[in-house]
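J.: below: sequence and its predicted model.
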Amino acid sequence: MTSVQRHTLVATGLGLFMIFLDALIVNVGLPAIQAEFRVGEAGLQWVVTAYSLGMAVFIMSSATLADLHGRRRLYLAGIALFTAASIACGLAPDLDALNVARGVQGAAAAAVTVTSLALVSAAFPDAKAKARAIGIWAAIAGVANAVGPTVGGFLIETVGWRSIFWVNVPFGVVVTLLALRHVAESRDDHPRTLDLVGQALFMAMVGAFAYAVIEGPKRGWLAPVIVGLFAVTAVTLAAFIVYEKRCADPMMDLTLFRDRTYSMAIVTMCVALFTFYGMLLVTTQYLQNVRGFSPVDTGLFLLPFSLAMLVAAPLSGHLVGRIGAVIPIRLGLAIMIAGIVVLIVGTARHPVLVTTGLAVVGFGFALCGTPITSLAMTSVSPNRAGMASGIMSAQRAIGSTLGFAVMGSVFAAWLSATLDADLVRAVPDAQERRAVSASIVAGVNPRAYVAEIGPARPVRHADPATEAAILAVAVADFVQGIRVALGLAIVLLAAVFVAGLFSFPRGAGAAMADAQQDAKRVDLP
């Protein structure tokens, strides 16, 4: 590994580290933000939603602009914009200003995410070296998972919630200096034009889909606005496919999806991230709402999970270089399934089992994450790395959004379906029971926000015995709802595991030969 390659890894890894750190710290700081601005849950949710939408909508635009004008140039612009938006978040006088700044952060995060992976891919043209480099890159960025929750809790309790945004400033300065000095520029060697129609259709499609998925649990999936947004998604998706196939210089080369291995890698990544983020959501509900742990304590419980990822990420890159990508992918998916089983058992027993399950899932995710990324990235030539990483990043944004929304919605739907009936003995009066049930269900937030009402903080009641009974029923229903949501993750992971048996190359030798062939592949027409 040359000096330029080492510095490229550090500069790009630190940029992604800043993105991950911000996302995790913000989730811990939501209650403090709510207390200062005195807003309800609906208003506060946009602190998370604005960021997710900004990132999802601008993912592919960032990939195209990077290929057109230079990946390092757009990476630096993304870092500068993210840093400036972080300062604006820290100075926000009200919630609306904060949400606008968060949206800008999301757009900047899209540029940083896409270009960081593209720069690493371009700096390591050899397939084996690229696999190891992606593992190291993921490990550097993954440190944010280990320190984010704990650092966030400490900053909020000692300095205040605004400090969780200002902490990005020194990182932005360091990353900018490193990138200017050491990172080489790369771009698409073939002259291209910006596909404005394709970009607009993609932005409309992803924006409508993300908004519908995020708002669906709150407004109702059959609400006219949600149904309308899904209709817009379907229409713009069809229009996007038709236009891109006919466009002489498309934003997205759809012929890539004719490769069964590449398509399966994209689907597997989406499911893995769906499980990853959805699991974190329901586990956070368990630790903070059921067990009543503080944000700092919750961060400590998540520490083994993060450390396991740090160990597995470079290991997976090493394994890909030696035996190919397929075996680590299958092994990682199997370990994730085993870890979720431990989580399901642990929710009814002891938090130590939950922590163990989290660590197993984190290890499995990191073990298969790098091979999946490597398999997808080596399916295109280096000069199309921006587009390839854009597709991968889009799957990350969509997968994480679906994980939060769908698994959170399954959790909330279980409570809605069972809680009222289970509370009959504790609260015989039908009207009062419905009010109690509605209050508890309304406190379940499918977007990683800790509710004010939960089993650990039940609806206050004049009779202590009734309060205790409500608590017992709510705890049981919460735990069962978490198990149902985690069960959905197992089903999806098992599905992609089985599909991969038929779609991925068979045997380590075949996988390695495939990677070496893909590394030399020219652009598809």
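T.: Here it is on my side, so go on.
J.: so residue 251, which state does it fall into?
T.: Three-state call for residue 251 (DSSP: H, G, I helix; E, B strand; the rest coil): coil.
J.: does it touch residue 244 like I think?
T.: Yes. Residue 251 is in contact with residue 244 according to CB atoms under 8 Å; the separation is 6.8 Å. Placement of C-beta: from N, CA and C, glycine included.
J.: pick out whichever of those two has more residues nearby.
T.: residue 251 (27 against 19; other CB atoms under 10 Å).
J.: how far away is that one from residue 71?
T.: Look at residue 251 and residue 71: by CB to CB, to the nearest Å, they are 16 Å apart.
J.: tally of neighbours for the closest residue to residue 353 other than its chain neighbours?
T.: Nearest residue to residue 353, sequence neighbours excluded (CB to CB, 6 or more residues apart in numbering): residue 346, at 2.9 Å. For residue 346, the count of nearby residues is 19 (other CB under 10 Å).
J.: so how far is residue 300 from residue 346?
T.: Distance from residue 346 to residue 300, by CB to CB: 16 Å.
J.: so what's the residue nearest the centre of the chain up against?
T.: Centroid-nearest residue in the chain, with CA atoms, centre = their mean: residue 400, separated by 3.6 Å. Contact partners of residue 400, counting by CB atoms under 8 Å, 6 or more residues apart in numbering, are 52, 273, 274, 276, 277.
J.: please name the nearest non-neighbouring residue to the first one.
T.: Read that as residue 52. Closest to residue 52 by CB to CB, 6+ apart is residue 401, at 5.6 Å.
J.: correct me if wrong: the one you found contacts residue 211.
T.: No. With contact defined as CB under 8 Å, residue 401 does not reach residue 211; the gap is 9.9 Å.
J.: quick check on these two: which one has the bigger neighbour count.
T.: The neighbour comparison of residue 401 against residue 211 (other CB under 10 Å) goes to residue 401, with 25 against 21.
J.: angles on the backbone of the more buried one, please.
T.: Backbone torsions for residue 401, taken as degrees, to the nearest 10, come to phi -60, psi -40.
J.: pLDDT score for the residue nearest to residue 353?
T.: At residue 346, the model reports a pLDDT of 88.
J.: that one and residue 79, how far apart?
T.: From residue 346 to residue 79 the distance is 39 Å (CB to CB).
J.: got it, and residue 200?
T.: Counting by CB to CB, the gap from residue 200 to residue 79 is 26 Å.
J.: what helix or strand does residue 293 sit in?
T.: Using DSSP states H and E, residue 293 sits within no helix or strand.
J.: neighbours of it, how many?
T.: For residue 293, using other CB under 10 Å, the count is 18.
J.: pull the contacting residues for it.
T.: Taking CB under 8 Å, 6+ apart as the test, what residue 293 contacts is 287, 301, 351.
J.: which of those fall within helices?
T.: Under the assignment DSSP state H, the contacts of residue 293 contribute 301, 351 to helices.
J.: can you put the contacts of residue 293 in a markdown table and add distance to residue 75?
T.: Formatted as a markdown table, the contacts of residue 293 follow (distance: CB to CB, whole Å):
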| residue | distance to residue 75 |
| --- | --- |
| 287 | 36 |
| 301 | 34 |
| 351 | 40 |
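J.: top of the contacts of residue 293 by number of neighbours, please.
T.: residue 287 (24 neighbours).
J.: quick one: low-confidence parts of the stretch 251-400 of the chain?
T.: Along the stretch 251-400 of the chain, the parts satisfying pLDDT under 70 run over 288-289, 295, 379-390.
J.: tell me where it has helices.
T.: Here the stretch 251-400 of the chain has its helices, by DSSP state H, counting those that start in this stretch, at 260-284, 295-323, 326-346, 351-377, 385-402.
J.: would you tell me which of those gets closest to residue 144?
T.: Among the helices of the stretch 251-400 of the chain, helix 295-323 comes nearest to residue 144, with 8.5 Å by CB to CB.
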